[in-house]
Structures are given as structure tokens and as C-alpha cells.
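# how would this look folded up:
(4 chains)
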There are 2 protein chains.
Amino acid sequence: MSEPTIYEVAKEAGVSAATVSRAINGRDRISETTRQKVFDACAKLGFSASKTASMLRTGKTNRIALTVGNSLAGWFSSQLAEGVYSVLASQGYDLLSYRLANADQRRDFFSSMPVKRNADAVIISSFDISETERRTLEQLGMPVIGVNTIGLTEQRDMISIGVDEIIAMRQTVHQLAGLGHRNIAFICKQQDSNGFIWEADQRIEGFRLGMAAEGLNLPDGYIIAVQDNEFAGAEALSSLLALSPRPTAVCCISDENAIPLVHALRSYGFRVPEDISVIGFDDWPMAQALNISTVRHDPRSYGALAADAAIRLSRGEILTESCIVVPTTLMLRGTTGPAPRD
Amino acid sequence: MSEPTIYEVAKEAGVSAATVSRAINGRDRISETTRQKVFDACAKLGFSASKTASMLRTGKTNRIALTVGNSLAGWFSSQLAEGVYSVLASQGYDLLSYRLANADQRRDFFSSMPVKRNADAVIISSFDISETERRTLEQLGMPVIGVNTIGLTEQRDMISIGVDEIIAMRQTVHQLAGLGHRNIAFICKQQDSNGFIWEADQRIEGFRLGMAAEGLNLPDGYIIAVQDNEFAGAEALSSLLALSPRPTAVCCISDENAIPLVHALRSYGFRVPEDISVIGFDDWPMAQALNISTVRHDPRSYGALAADAAIRLSRGEILTESCIVVPTTLMLRGTTGPAPRD
DNA sequence: CTGAAAGCGCTTACAG
DNA sequence: CTGAAAGCGCTTACAG
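Down below sits the predicted model:
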């Protein structure tokens, strides 16, 4: 069964292929009767235009590429993809996904450029690209939108959308300080950077700055990197217990770290938050279900904003805002409380 | 900056465009000297062939579409996408994602067929398609691979990959029965089917069959559907407490339900597993971190298998196995134990 | 082994 | 408002 072409539709409707094209794309003016004839013919033959052919002609692909760092899976990337998708779908665009997990894949990507003539814009999530890489894309006429790259790309001529990680962490520290905590530790995931700069680095930096701003001391060992496995909670707990002075609050780089830590603490008889406060970051549905304090942000909304920007840029629009900062919300739930009196 | 075309490379190398094409694609035989000249010219001009143009000519898109039900986000879909991606990337294919969240979107998809001439095969995840829909795709010459559709598609002429939900749930019930449990409740998420048939329905069916096979009674109200919000745990708990006889074990349709339930139970002073056993399904990383008993399966691996099948089918290969059943593993951890003596 | 030419299915100046 | 024609950048029978 070969697909009907625009010529068959034209024949069916008794018009030329050019007219069919115009009727379908609907930019040119066309008489209502002709339009109706064409639509009927399309419906009858089950015609839909080959994107490939129109792409070859127009140079527009109606596809947007989403490029993530470590994995397509995971809460952030998949929420983001969902947000991107919802906008693309409503505009007739397709979503193309790429993962650049390490330096090799990244190099391949920028040398073979699978997005070249294959997407109209590229959304880059959670890692920084170099000035050279950005320029490579630019020379292909490929607009680039960064998500969660704020602070990484300040000096670059590039649209960025996301939260300000530094401000968010500073606010978190401020809040804990306000509850009387003076010894606050930080837990993050060990992560091989693979030549990437991640938003995670921004969160750590924000924590440091927050501590400094509150005039709080940050002893050696107070920033703890745990492995990313099923023992992460236990590992964090034992690192914490080894600290002197013992922290009364723990800031986690994400809920992924906070949830197992709270579990480990409670399993070992610590009361949370009475003995120790714990706060996460992200606001996973599970954080809500388990009543974990956290910092809420919404990658789905960045995705939507990024997709919108991508489409506009690819159409040649000029965006006035080059940096959209989305606010975070502190969600104080059942794992944070006043510092214990000693 | 317009990209160099094959003609410019041909000129540079002093050969014809046809020869350049042959040198690059490397199927036809070509003299070593010519090949070298072409490669040099390509390197010099930074040429890479336009996929779009070659697609228009050959009809192959080198793209595979992944179509999910409710959301691109979420553990299952995103793990699946990751698995699909890893295989596609290694073979030079691109991943195109679609979400069909409700009957409308689904109808649109099958009528406008965005994948037509836009992908070489389509992988359908976790919901059943009708015979008509399958045939629509077939008539486009579009191979279809179902993931997690086993049992839904037995009678259909369609490749399916996934776990056997019914067997998995039966085994779970069998295991709980072996621990002495006779009153076993089931918790699932309320879900509007939107005209879809989901794998979730298979799990419920498997639970029923398992109870019957063990000769266990399933009183009214023992299958509980909770809303999908932050009160899911509390809601499940109160429904459970209203039951008579009181269940000694609870099978959850997924870890998403099991984790909040365990939390709610413990918050209210119940001992898990001493007073009541809870088992989930999926084996989320969080289930492992929180020591929740569950049934492990691995959507990433289905994704890889599905992508492999998709590529082969799109190349015209005939696959001998039409149904690949992946085994599940019962992970008995800290939330299941012997039934309490009364 | 290599080239000239046709054609994949559209869109869009250019006429009318 | 509509049509005839050229062309987007490749690949592939068909000759040689």
C-alpha cells in the first residue's frame, strides 16, 4: 500500500498540486470552495503530507531536539520531556530525544551533529555547553535553549530557563538558620562529571554561599557525597554520625537523597525533625506522600517554556527575555523543625 | 552558512555525485583511490549527507517512534525510553516520542498518523490497540511492537515484549499464601481508562486468579482503588481498617502505592511486617532504598528488546518469536513476613 | 568501477 | 485565486 501523494489528492479534487499544498498549509489565500474540495479529497484518500518532502523543500523539519545529560529516565528529565512534548504536540511539532551521557557521546554529538537538518532547534538540559559548541550550533542556524543552566550561561548569548539554584539553596539555608540550626550538613550524590558542568554544582555552591551569608561555620566533612545505590541512606547516616559537631539539620541536594536518609535516621531511632531536620529538593510526588520537607520546582513548566521558545526562535522570532527564572517554593513539611536545645 | 551538498563534494573530489554517494554509503564497490579522494573532500568541506534527502529517496527515515499512554514522565515510560534510546543510538536511529493520553489524542494520532513516513516502526507501550488501529499501521507498512501488552494481544499478529502480569501477580499471591496469609487485600490507583485497556487491568486480574488458585476468599471491598494524590497512603489505610476480616497482607499494584501505604501504617503505629505485610510492584530505586518488598521487572530491557525488534522489522527481517516474555523477580525485603498468629 | 539522469514528494516564486 | 515548473539533496537503476 503506497501512500497517496499530493498529486493524487490534486487529481481527486480537480485542482493542481500547488493548490492542494496551499489549502493544507493555509497561509495563502484560497477560495472557500476549493479549500473544501481539497479537504474532502484528503479525507477520502487519507492523505497527510510527507514531512520529509516538505522539509527538503523548506528546510524546516517541525522537529525539536531535546538533549539531556545523564539519562532520559529520572524525574527531572522525564518531567521536562513531558512539558516539552505538551507544547510541541499542540503546535504540530515532533519531539526528538538525545542523551549525552559522557564526554564521548558528547563529542560524537557535536561532530556528527545528528540534529543538523533534522531539527529546528535544540533544548539542552542541565548541563553547560562550551562556547565553541554553542557556536557550532549557531553556524548551522540552530537555536539553542538551555534549561536549568542559569548561572552556567550568564555570559553566553543563549536563552536559559529554570530556577536559580543558588538563590534556592541560599533560601533553604536561611530558613534552617531561622529555625535555630547552626550546624547544617549537606548531602549530595557522587557524580563523575565526564567533562560536564551540572546544575548540581550550582546547588552546592548555593549551599556554601548560604552558610556564609548566615555567618555559619562549615567544618570539613560537612559536605558529604554518597554513592548512588541502595545503601545511600545508610552511608549518609554513618557519615553524619561521624561529624563533630553533630549537625542538627541536613540539606539534601535532592529528594532522592532526603527520602532514604529520613528512613535511615528513623530506622536507627532518631526522631525527625525533633533530633535532626532534613530537607530535600525537587518535591517528588513521593516527598509529598512521605511528608518530607523540600524545595519545590516544576521541570514540566520549564519544558513548556523551553519548547515555546524553541518554536519561536526557529521561526525567526526574536525573544526579548534571554533568561527566564522560575521561582522555587519552600515546602516545609514533617521533616524540619526547630533546632534541638542542648 | 549553508551546508555543502554532495555536488560540491563531487566537484572537490573530481568525481560525480553518484560516486560520492557510493563512497559514503559503502555498499557498492568502489576503487580505493576514489574512495580516498571522496573522503578527503568530505573532510575538507565538513560534509555530512542530509538525512532528509536520502529519506525522501529511499523511504527509510532511520527513526523509531515510541508511543506511550498516560505520560512521558513516570518511572516505567522513562526507563523504557532509555532502553529504546540506547539501542537506537548505537544503530544511528533517532527516537521520536508521542503521548496518547486520552481517547481524543488517540483518535487524532490514528487519523492524522504523524508517524507516517516519519518513522520506520512504532513501539506501543502499556496499552492495547484495536485490531483496526493495528491494521491501519500495517497498511502503511509500519511494523508495530507492543511493550507490556502481553495477554492483551495474544490473538493479534503483533510482536509483544514484557512481563506476564498475570503470572507475576499469581506468584505474589502464592508467596503471601505460603507465609500463612489468608486475608489479602489489593490496592490500586483509580484510573479512568479513557477507552484504553491497560496492563494494570491485567495485574488486578492476576491477583484475582491468584487468590482463586490458592483457594482464598476475596470478600467485597478487598480490592481498593485509591486516588492518585498525596493522601493515597492515608486513604488506603483507612479503607483497609474498615475491612472485615482485617487483611494481614496487602498486595499493591505498584511501588507508588506501596511506599506511602507502608509509611501511613507505620505512622499510625502498625508494625510492618509483624502486624501486616505489604508488597509492591516494579522495584523502584526508592523501594530498594526503603527496604520495601516488591516484584522486580526491568522496563529498560524491554525497551532495548523492542528497539531491536523495531529496527529489524523495519529492515524487512522476519522475527521468529512473536512474544517475548521477560521474567519477574520477587524481591522479599523488609515489609513482608509471616502472617500474625491470632 | 563510474557517470548521466530520473525521481522521491513536496513548496514557492513567477505568471496569469 | 490558481497553475506550470523548477528545485530541495540525495540514491539508484541503467548504461558504459
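# how far away is A:Met169 from A:Gly210?
6 Å (Cβ to Cβ, to the nearest Å). Backbone N, C-alpha and C define where each C-beta goes, glycine included.
# Tell me the residue of the stretch 201-342 of chain A that sits nearest DNA strand D?
In the stretch 201-342 of chain A, the residue found nearest to DNA strand D is A:Ser314; the distance is 17.5 Å by Cβ to the nearest atom of the strand.
# okay but that residue is in contact with A:Val122, surely?
No. Using Cβ atoms under 8 Å, A:Ser314 is not in contact with A:Val122; the gap is 9.7 Å.
# ok, those two, which is more surrounded?
More crowded of A:Ser314 and A:Val122, by other Cβ atoms under 10 Å in any protein chain shown: A:Val122, with 24 against 21.
# so where do the strands sit in chain A?
Under the criterion DSSP state E, chain A contains strands at A:63-68, A:94-99, A:121-125, A:144-147, A:159-162, A:184-189, A:223-226, A:249-252, A:277-279, A:294-296, A:323-325, A:329-331.
# Tell me which of those is the most buried.
strand A:249-252 (a mean of 30; mean count of other Cβ atoms under 10 Å in any protein chain shown).
# about what we covered before: common neighbours of A:Ser314 and A:Val122, please.
Common neighbours of A:Ser314 and A:Val122, counting by Cβ atoms under 8 Å, 6 or more residues apart in numbering or on different chains, are A:Ile64, A:Pro143.
# Export the strands of chain A to CSV and append columns for mean pLDDT and distance to chain B.
As requested, the strands of chain A are arranged in CSV below (pLDDT from 0 to 100; distance: least, Cβ to the nearest Cβ, whole Å):
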stretch, mean pLDDT, distance to chain B
strand A:63-68, 93, 8
strand A:94-99, 94, 5
strand A:121-125, 92, 13
strand A:144-147, 91, 15
strand A:159-162, 89, 17
strand A:184-189, 95, 12
strand A:223-226, 95, 11
strand A:249-252, 98, 13
strand A:277-279, 98, 14
strand A:294-296, 98, 12
strand A:323-325, 88, 21
strand A:329-331, 97, 11
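# I'd like those as TSV, with distance to B:Ala17 appended.
TSV is the format used below for the strands of chain A (distance: least, Cβ to Cβ, whole Å):
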stretch	distance to B:Ala17
strand A:63-68	26
strand A:94-99	28
strand A:121-125	29
strand A:144-147	32
strand A:159-162	38
strand A:184-189	51
strand A:223-226	55
strand A:249-252	59
strand A:277-279	63
strand A:294-296	56
strand A:323-325	45
strand A:329-331	59
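# And the nearest residue to A:Gly69 once chain neighbours are set aside, how close does it get to B:Ala73?
Computed as Cβ to Cβ, 6 or more residues apart in numbering or on different chains, the closest residue to A:Gly69 that is not its neighbour in sequence is A:Phe127, at 4.5 Å. Per Cβ to Cβ, A:Phe127 is found 20 Å from B:Ala73.
# just A:Val278 next, same as before
For A:Val278, the distance to B:Ala73 - Cβ to Cβ - is 25 Å.
# Isn't A:Ser160 up against A:Ile324?
Yes. If you go by Cβ under 8 Å, A:Ser160 and A:Ile324 touch, sitting 7.2 Å apart.
# Count the neighbours of A:His297 for me.
For A:His297, using other Cβ under 10 Å, the count is 22.
# give the contact list for it.
Taking Cβ under 8 Å, 6+ apart as the test, what A:His297 contacts is A:Val163, A:Ala168, A:Asp282, A:Asp283, A:Val326, A:Thr328, A:Thr329.
# Low-confidence ranges, the stretch 1-150 of chain A, go.
A:1-2, A:150 (pLDDT under 70).
# Kindly report the residues of it close to chain B.
A:1, A:3, A:48, A:50-53, A:55-56, A:61, A:63, A:71-75, A:77-79, A:81-82, A:85, A:89, A:94-99, A:105, A:112-114, A:116-118, A:139-141 (Cβ under 8 Å from any Cβ of the partner chain).
# go again using 7 Å as the cut-off
Applying Cβ under 7 Å from any Cβ of the partner chain, one finds that the stretch 1-150 of chain A approaches chain B through A:1, A:3, A:48, A:50-53, A:55-56, A:71-74, A:77-79, A:81-82, A:85, A:94-97, A:99, A:112-114, A:116-118, A:139-141.
# Next: the stretch 151-300 of chain A.
A:Glu230, A:Ala232, A:Gly233, A:Ile259, A:Pro260, A:His263, A:Met286, A:Gln288, A:Ala289, A:Leu290.
# Apply 8 Å and report the result again.
Contact residues (Cβ under 8 Å from any Cβ) of the stretch 151-300 of chain A with chain B: A:230, A:232-233, A:256, A:259-260, A:263, A:285-286, A:288-291, A:300.
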